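S.K.: got a predicted model here, sequence first, then my questions.
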Amino acid sequence: MPGFLLKGRCEMRAGNGNGTVRKLSGRRNKPYQALVTVGDKVVNDKIVPDRLSLGCYATKREARMACYEYFRNPLNAEDYNITLATVFAHVESEKEWKKAMESAMVNAFNKVKYFHNKRMRDIKLRDVELMAQLVDGSSKSTQNAMKIMIHFCFEWSIKHDIVNKDYSKYMEFKHTAQRKDKTAYTKEEIELARTDDMQMLMLYTGMRISEATGMKMEQVKEENGIFYFEIVKGKTASSARKIPVHPQIMYLIEDRSKTYVIEPHIGDNMYRKRYKKLGLPHTPHDCRRTFATYAKRCGMDEFYRKAILGHSQGNITDGVYTDFMLDIAYKEICKLEY
């Protein structure tokens, strides 16, 4: 590595084209700024060197090494200073994620806001360890999402010669939340649930919580005397479906002047919090599990059971079950008894 020459009291310059280390004034934790010349620019009608700051460092040696590393693998100014947030934006635009995957990646990225404006080349093992701590004790899926998200960012950066090492492979988690046993409601729990319209809607339709809380009266349709809930889009292609209204919950759609089927309206996250206060050994999703369990016990046809739940079964065209007949679906859902 070339030796640096003293230039005045505050600046040390290497041989031609090898960068400059400048000592900044005042008391600073990182007083040494590494600079390299990347071209020329016009300032006040004069042509002057266009310098790129490689960052500030605690010691002269670290600043010199930054210059040395830059000239080993020179990048343009934009790439050299690219942040984690910008890298993730590139990754997100280039990957063709399904909706669930995209949601998991965005949620993981949002958990590391502290690092969003940090240069990608400055993210090292210690930073990755801190990211892991942010989801320590979370579910396995949440932890996997964090590791995959940061891996994608390192992968993209390596591909574009911004970094040369993927620290995500060293990401470890000390604690993982134990997965709770998912079970259907008991008969007694179902009877207690009859006082909660939201649970009734989910128990008699198998809807996901987001579908139930977002269900509007305009989605309640009628065809040949059969009322049904129409779900246009959702988590998967098969989520678009028609769910006949079970006789036990006809009371929920009697007032056609409402905006939502369940009022006062409450979002899925707020309902989860309210549900938690009920003290049940379940999650709202267990209503859907209960529907599936009891539908099978009651002899509901497998095709229509899967169609009502929005499960994929291979005969879907443009998100619609090609063999689905509403009148038969109504007869099948009426088999459900709790």
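M.R.: Structure received. Numbers count the residues shown, from 1 in each chain.
S.K.: what kind of secondary structure is the closest residue to D122 other than its chain neighbours in?
M.R.: Leaving aside its sequence neighbours, D122 sits nearest to G55 (Cβ to Cβ, 6 or more residues apart in numbering; 7.2 Å). C-beta here means a position set from N, CA and C on the backbone, and glycine is covered the same way. Per DSSP: H, G, I helix; E, B strand; the rest coil, the local secondary structure of G55 is strand.
S.K.: need the pLDDT of G55.
M.R.: With respect to pLDDT, G55 scores 83.
S.K.: any idea how far it is from W156?
M.R.: 21 Å (Cβ to Cβ, to the nearest Å).
S.K.: assess the claim that E172 and A132 are in contact.
M.R.: Yes. Contact criterion Cβ atoms under 8 Å: E172 and A132 qualify, at 6.2 Å.
S.K.: of the two, who's got more company?
M.R.: A132 (19 against 11; other Cβ atoms under 10 Å).
S.K.: checking that one next. Helix, strand or coil?
M.R.: Put simply, A132 is helix when judged by three-state DSSP.
S.K.: so what's it up against?
M.R.: If a contact means Cβ atoms under 8 Å, 6 or more residues apart in numbering, then A132 has Q143, M146, K147, M171, E172, F173 as its contacts.
S.K.: now name the helix or strand holding V38.
M.R.: strand 32-43 (DSSP states H and E).
S.K.: packing partners for that strand?
M.R.: Under the contact criterion of 3 or more Cβ pairs under 8 Å, 6 or more residues apart in numbering; DSSP states H and E, strand 32-43 touches strand 20-23, strand 46-57, helix 60-72.
S.K.: the residue nearest to D122 pairs with what?
M.R.: G55 forms beta bridges with A34, as assigned by DSSP bridges.
S.K.: my read is that it contacts Y80, right?
M.R.: No. Taking Cβ under 8 Å as the definition, G55 is not a contact partner of Y80, at 9.3 Å.
S.K.: give me the common contacts of these two.
M.R.: R119.
S.K.: look at these two and report which has more neighbours.
M.R.: Higher neighbour count among G55 and Y80: Y80, with 20 against 17, using other Cβ under 10 Å.
S.K.: and the residue nearest to the more buried one when sequence neighbours are not counted, how many neighbours?
M.R.: Once flanking residues are discounted, Y80 sits nearest to L52: 6.5 Å by Cβ to Cβ, 6+ apart. Counted by other Cβ under 10 Å, the residues lying close to L52 total 19.
S.K.: helix or strand next in line after the helix or strand hosting Y271, which one?
M.R.: For Y271, the host element (DSSP H and E) is helix 268-276. Sequence order places helix 285-297 as the next helix or strand after helix 268-276, per DSSP H and E.
S.K.: which of the residues in that next one are classified as buried?
M.R.: D286, C287, R288, R289, T290, F291, A292, Y294, A295 (16 or more other Cβ atoms under 10 Å).
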